[in-house]
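Undergrad: could you look at this predicted model? Sequence included:
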Amino acid sequence: MHYFPLTIAFALLLLFLFIFLIIAIEVGILSYAYRRMGVDRRYVFSLLILSLLGSYINIPLFELAPERIVSNSYVDFFGIRHIIPFVREWPATIIAVNVGGAVIPAFLSLYLTLKNKLYRQSLVSIAIVTILVYFMAHPVRGVGIVVPEFVPPIAATAVAFIFSSKYAPALAYICGTMGTLLGADILHFGDIQGLGAPVASIGGAGTFDGIFVTGILAVLLASVMTGNGENASS
């Protein structure tokens with residue numbers, strides 16, 4: 001149950017985005033965005049790196065009915081290579097929850113909602129992104145449910161600015177991560193049976209890249225747009 005859902009090359013790309021985010025904050029480019037999020041930048045760094053490392057850990061929940069399992073392979077989808085772990089005597093699909101792609105983003109989203117009092121905005125924006133992601137997600141044999149990684153952050157940024165330009169970075173993270181989890185993994189749960197995936201992890205392979213990229217790009221896009229709005233108003 002411990003394996004990285006993506007190839008080393010793409011994991012390094014996510015790490016590069018994370019390092020770029022650190023540099024951008026340290027030189028002051030994104031300081032305004034994270035003040036609006038209501039999270040100290042030191043904690044943001046820790047949560048993002050824990051999310052990346054936590055993608056290695058899947059917590060098993062239960063098993064589906066036995067079926068023919070795909071093993072020791074990979075699947076390319078929208079330019080991203082997803083790893084199918086090697087299995088030995090594993091007749092059923094294990095339903096699990098990914099620590100880095102589900103547990104940490106869910107807790108951070110809840111914190112941001114309560115901290116910024118974005119109750120109504122969060123519910124509506126999550127619903128919109130959930131519907132969009134649901135129709136964009138695809139069942140992929142051997143992997144599970146896969147969503148194009150750049151759809152959630154772009155959609156989340158647009159929706160966040162419609163409902164709360166003041167707290168757009170926080171709302172973009174909330175609806176981007178939770179909308180992806182709900183629209184791709186939860187609402188497509190019935191499509192998992194028959195895909196032959198040894199592990200169908202909520203927030204894992206197929207959706208982790210979209211969720212992690214959302215945590216970075218949604219804040220980047222929202223901060224740029226927010227900064228432009230502040231400059232225009234001044």
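TA: Done, it's in.
Undergrad: what is the helix or strand hosting Phe135 packed up against?
TA: Taking DSSP states H and E as the criterion, Phe135 maps to helix 119-136. The helices and strands touching helix 119-136, judged by 3 or more Cβ pairs under 8 Å, 6 or more residues apart in numbering; DSSP states H and E, are helix 104-116, helix 151-163, helix 168-180. To be clear about C-beta, it is placed using only N, CA and C from the backbone, and glycine gets the same treatment.
Undergrad: what about the last one, average pLDDT?
TA: Averaging pLDDT along helix 168-180 gives 89.
Undergrad: what do you get for the second one?
TA: The average pLDDT within helix 151-163 is 88.
Undergrad: same deal with the first one?
TA: With pLDDT averaged residue by residue, helix 104-116 scores 91.
Undergrad: deepest of the helices and strands packed on helix 119-136, which one?
TA: Mean neighbours per residue, mean count of other Cβ atoms under 10 Å, is largest over the helices and strands packed on helix 119-136 for helix 168-180, with a mean of 31.
Undergrad: so that one versus helix 151-163, what angle?
TA: 130 degrees (axes from the mean of the first three to the mean of the last three Cα atoms, to 10 degrees).
Undergrad: all strands for this structure, in order.
TA: Counting by DSSP state E, the chain has strands at residues 58-63, 73-77, 80-84, 94-98, 138-140, 144-146, 199-202.
Undergrad: circling back: may I have the helix holding Phe135 exported as CSV, CA atoms only?
TA: Extracted in CSV, the C-alpha atoms of helix 119-136 (Å, rounded to 0.1, in the frame of the first residue of the first chain):
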residue,chain,number,x,y,z
TYR,A,119,-19.2,28.7,4.4
ARG,A,120,-21.7,29.5,1.6
GLN,A,121,-19.1,30.4,-1.0
SER,A,122,-17.3,27.1,-0.3
LEU,A,123,-20.4,25.0,-0.7
VAL,A,124,-21.4,26.6,-4.0
SER,A,125,-18.0,26.7,-5.5
ILE,A,126,-17.2,23.1,-4.5
ALA,A,127,-20.5,22.0,-6.1
ILE,A,128,-19.6,23.8,-9.4
VAL,A,129,-16.1,22.4,-9.6
THR,A,130,-17.4,18.9,-8.6
ILE,A,131,-19.8,18.9,-11.5
LEU,A,132,-17.1,20.0,-14.0
VAL,A,133,-14.6,17.5,-12.8
TYR,A,134,-17.2,14.7,-12.8
PHE,A,135,-17.7,15.1,-16.5
MET,A,136,-14.0,15.5,-17.2
